Structures are given as structure tokens and as C-alpha cells.
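**Student:** Provided below are the primary sequence and the corresponding predicted coordinates.
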Amino acid sequence: GRLHGQSSCCAHLIFLELRRLLAQLLLASLRAALPGRSRGLRRFTSPFDWIHSDAEVVSSCLADGCRSLLDRRELSAVATGQALHRRYRTARHAHIFRHHDPATDDADFSRLHRAADRLRRVLDDDDSRTLFLHLHTDAAPTGDSAFVDDARAIYRQLRQTTSNCALAAVRTVPRSCASA
């Protein structure tokens, strides 16, 4: 999305490792904090809005401009409206496409491709600062080291990929885990 008239802030906001509810809450908070200047916020989707991923997938997509993600030979439909990506399949994210099927649905694949094209244009834009949000939700109490390592890996890849960005890393822990 774009923050109009906000030269000292960021022109674009891109969520990484999207958790839809958390992203919606954060977006609502930003809109409340920046009334009038956040009208254009989140006017486009990125490939990360489509997938359930981790830091490794995000870094890979940033490194190769989503070429691997868009390799249709790596995609496979698993259920109605769901698909997996063979390269990015992990125990935690077996089906990274949980709400779309770019493996067999040409319209879904086309929309994913357009989202990747938009991401590449934003990454190539040296004049507009982009804020990337790394949203991580812990399902069980864990130490901070994995989260910090993931955030550092994503930031290193961002710095290699684009010259005008910032990364905000947000870690949420369910209330039941926070008190443990």
C-alpha cells in the first residue's frame, strides 16, 4: 500500500509471513494513528498476502524476485482452493496456498504473478521507502533467538535486494503462552 503525502515515513507497506487477523489489526491501528495520511495504505497485494510462509521462503522470494514461487512446475493442487509448492513445502507449511490454487486455476496464477510484479516494482523503486513487517506468531512458548535470527536473515536479504527499506519485526505470543 502507499502512504500519500508522507515524505518522512514510508511510501509502501508490505506484510511478510502474513497472519491475516494480526495484519488487519495492525493496519487498523496504523490508519487510526495516521488519519488522512493512510488513505492509500494497502492498495495492492504482494505475493506474501497469498502464502503461508516462513523467513526462508520470504528470503528466497526476495532473492530471486519470486521466480521460484512462480514456477508452475513446482505447484500442485491438493484440495479445492489449495495448493502446495514443492520447493517451499515444510512440516509447518505443507500447503502454502490455503485460499488459492495457482497450480490449476489460471486466474489465481495470473493474480499471483501480478502481485509478484508489483513487489518487484516496489523493490526496484529507489525513491520511495518501503516498510516491511515481519509478523511472527508463536503457538508455543519459545526463546527469542529463532525470531531474532529470522528477522536478521530477512533484513540481510532486503538490504541486498533493495536500497530503500526498513523492517519492523513483530512477535506475538498467545496469552496462554505468555504467562507460562
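**Tutor:** Happy to help now that I have it.
**Student:** CA atoms for contacts and neighbours, from now on please.
**Tutor:** Fine.
**Student:** can I have stretch 75-86 written out in CSV, keeping just the CAs?
**Tutor:** In CSV, the C-alpha atoms belonging to stretch 75-86 read as follows (Å, rounded to 0.1, in the frame of the first residue of the first chain):
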residue,chain,number,x,y,z
LEU,A,75,2.9,-26.2,-7.8
SER,A,76,0.4,-28.9,-7.1
ALA,A,77,-3.3,-28.8,-6.2
VAL,A,78,-4.1,-30.6,-3.0
ALA,A,79,-7.7,-29.7,-2.3
THR,A,80,-10.3,-27.3,-3.7
GLY,A,81,-8.8,-23.9,-3.5
GLN,A,82,-5.5,-25.0,-2.0
ALA,A,83,-2.1,-25.8,-3.4
LEU,A,84,1.4,-26.7,-2.3
HIS,A,85,4.8,-25.6,-3.6
ARG,A,86,7.3,-28.5,-3.7
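**Student:** Please renumber the chain so that the first residue is 263 from this point on.
**Tutor:** All set: I'll call the first residue 263, so the last point we hit is now stretch 337-348.
**Student:** Show me what counts as buried in that stretch.
**Tutor:** Neighbour counts over stretch 337-348 (16 or more other CA atoms under 10 Å) mark 337, 338, 339, 343, 344, 345, 346, 347 as buried.
**Student:** do the same with stretch 316-336
**Tutor:** Buried, per 16+ other CA under 10 Å, within stretch 316-336: 316-317, 319-324, 327-328, 330-332.
**Student:** circling back: farthest-apart pair in the buried residues of stretch 337-348, please.
**Tutor:** 343 and 347 (13.7 Å; CA to CA).
**Student:** ok, residue 325 - contacts?
**Tutor:** 419, 422, 423 (CA atoms under 8 Å, 6 or more residues apart in numbering).
**Student:** any idea which of those residues is closest to residue 392?
**Tutor:** Nearest to residue 392 among the contacts of residue 325, with distances taken as CA to CA, is residue 423, at 12.0 Å.
**Student:** Compute the mean per-residue pLDDT across the helix ranked longest in the chain, please.
**Tutor:** With secondary structure taken from DSSP state H, the chain has its longest helix at helix 368-386. For helix 368-386, mean pLDDT rounds to 93.
**Student:** just to revisit the earlier point, now, of the contacts of residue 325, which are buried?
**Tutor:** Judged by 16+ other CA under 10 Å, buried ones among the contacts of residue 325: 419, 423.
**Student:** Turn the contacts of residue 325 into CSV, columns for pLDDT, distance to residue 308 and secondary structure.
**Tutor:** Listed next are these as CSV, based on pLDDT from 0 to 100; distance: CA to CA, whole Å; DSSP: H, G, I helix; E, B strand; the rest coil:
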residue, pLDDT, distance to residue 308, secondary structure
419, 94, 17, helix
422, 93, 19, helix
423, 92, 16, helix
